[in-house]
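Undergrad: Sequence and predicted structure, then a few things I'm wondering about:
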Amino acid sequence: MYPELFSIGPIKFHSFGAMLALAFLVANYLLSKEIERKKIYPDVSSTVTFLTIVLGIAGAKLFHLLENFDRFLRDPIGEAFNAGGLTFYGGMIVATIGNLIYLRSQKIAPLRFLDAIAPALMIGYGIGRIGCLLAGDGCYGEPCDLPWAMTFPNGYVSTLASENPELAMQFRQLFPGVKVPKDIPVHPTPLYELFYSLVFFALLWKWRTLPKQAGWIFFVYLILQSVGRFSVEFIRLNPPILFGLSEAQVIALAMILVGAFGLWRISKEPIEMPPMEEAAKPGAKAERKKKPMSKTA
């Protein structure tokens, strides 16, 4: 793949960083549109985006180091400062906690805001996975012989047998008696995650205008995202930590429970009708200029 797009002197531009930036830009655009549609105080979108970038990357890197602690011990500097190596759930958990604290301080209803950000999170995740694919940062799956299998000889975590003995050992276990190839083909799991992210985003984007309780879209997002990640983890290379499940699968199960509990908790709350389109209301634009949006709307 292409971990480095180009360089200007000593400055290198990484494909992972480029796709991460694109993911945040697309997510921020969709979030701002949803904030406008839902009539939430608009000034929060830029602050939330900033907090999500900073806390999301910090949390994702921290969880990745914990998930791959053996590699971190072998090369602390290299693992801590390489351009790839981010764990989604770490970023989501840390960024969500930070944003909820901020929203509470601004007296903004958290569930309505989380509904607004859920579709953006889903599509942002899918775009970010393109960066993982281009970088070859080890997010790929186990060895396979499928027609769409891919190799990452130049990736941050190479699929060359000479540079990745652990992958070579897994190939021998999966294909006993078959000679280990020089460059080991693997499941392109970032593409699988991109596919389900696009499908789930389309569903969330369609459902977001339905009359539902505040928080419904976000809790459904948690369940969909977690089911997708839990399934893909079965062919990922992450080691098991509990009952044969990887760290990501354990967190995914917890997120499914949170989502299911959240849906049950809000099931008796009043249903919110979608905001009327401003174009359908005479004089809406003039009224908006006279009256600022409420933070607690």
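TA: Great, that's in hand.

Undergrad: Secondary structure element holding the residue nearest in space to the middle of the chain?
TA: Centroid-nearest residue in the chain: Tyr125, 3.3 Å away (criterion: CA atoms, centre = their mean). Using DSSP states H and E, Tyr125 sits in helix 110-135.

Undergrad: for that helix, packing partners?
TA: Applying 3 or more CB pairs under 8 Å, 6 or more residues apart in numbering; DSSP states H and E, we find helix 110-135 packed against helix 15-38, helix 44-67, helix 88-105, helix 189-207, helix 216-232. C-betas here are computed from N, CA, C, even on glycine.

Undergrad: hey, where'd the strands end up in the stretch 151-297 of the chain?
TA: Using DSSP state E, counting those that start in this stretch, the strands of the stretch 151-297 of the chain run over residues 240-242, 245-246.

Undergrad: May I see these organised as CSV, with distance to Ile256, mean pLDDT and mean neighbour count added?
TA: Below are these laid out as CSV (distance: least, CB to CB, whole Å; pLDDT from 0 to 100; neighbours: other CB atoms under 10 Å):
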stretch, distance to Ile256, mean pLDDT, mean neighbour count
strand 240-242, 15, 84, 12
strand 245-246, 13, 90, 18
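
Undergrad: Can you convert those into TSV and add a column each for distance to Ile130?
TA: As requested, these are exported to TSV (distance: least, CB to CB, whole Å):
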stretch	distance to Ile130
strand 240-242	27
strand 245-246	22
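
Undergrad: Who are the contact partners of the closest residue to Val94 other than its chain neighbours?
TA: Nearest residue to Val94, sequence neighbours excluded (CB to CB, 6 or more residues apart in numbering): Gly59, at 2.7 Å. Residues in contact with Gly59 (CB atoms under 8 Å, 6 or more residues apart in numbering) are 90-95.

Undergrad: Please repeat the previous calculation with a cut-off of 7 Å.
TA: 90-91, 93-95 (CB atoms under 7 Å, 6 or more residues apart in numbering).

Undergrad: if we can go back for a sec, now do the helix holding Tyr125, average pLDDT.
TA: The pLDDT scores in helix 110-135 average 89.

Undergrad: gap between the residue nearest to Phe230 when sequence neighbours are not counted and Arg236?
TA: Residue nearest to Phe230 in three dimensions, not counting chain neighbours: Ala252, with 4.0 Å by CB to CB, 6+ apart. The gap separating Ala252 from Arg236 is 12 Å, by CB to CB, to the nearest Å.

Undergrad: In terms of packing, which of those two has more residues around it?
TA: Just comparing Ala252 and Arg236: by other CB atoms under 10 Å the higher neighbour count belongs to Ala252, 24 against 21.

Undergrad: show me the contacts for the more buried one.
TA: Ala252 neighbours (CB under 7 Å, 6+ apart): 226, 229-230.

Undergrad: Would you mind giving those as CSV with pLDDT and neighbour count added?
TA: What follows is the contacts of Ala252, written out as CSV (pLDDT from 0 to 100; neighbours: other CB atoms under 10 Å):
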residue, pLDDT, neighbour count
Ser226, 94, 22
Arg229, 93, 22
Phe230, 95, 19
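
Undergrad: now those residues in CSV, with distance to Ile101?
TA: Formatted as CSV, these follow (distance: CB to CB, whole Å):
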residue, distance to Ile101
Ser226, 23
Arg229, 25
Phe230, 28
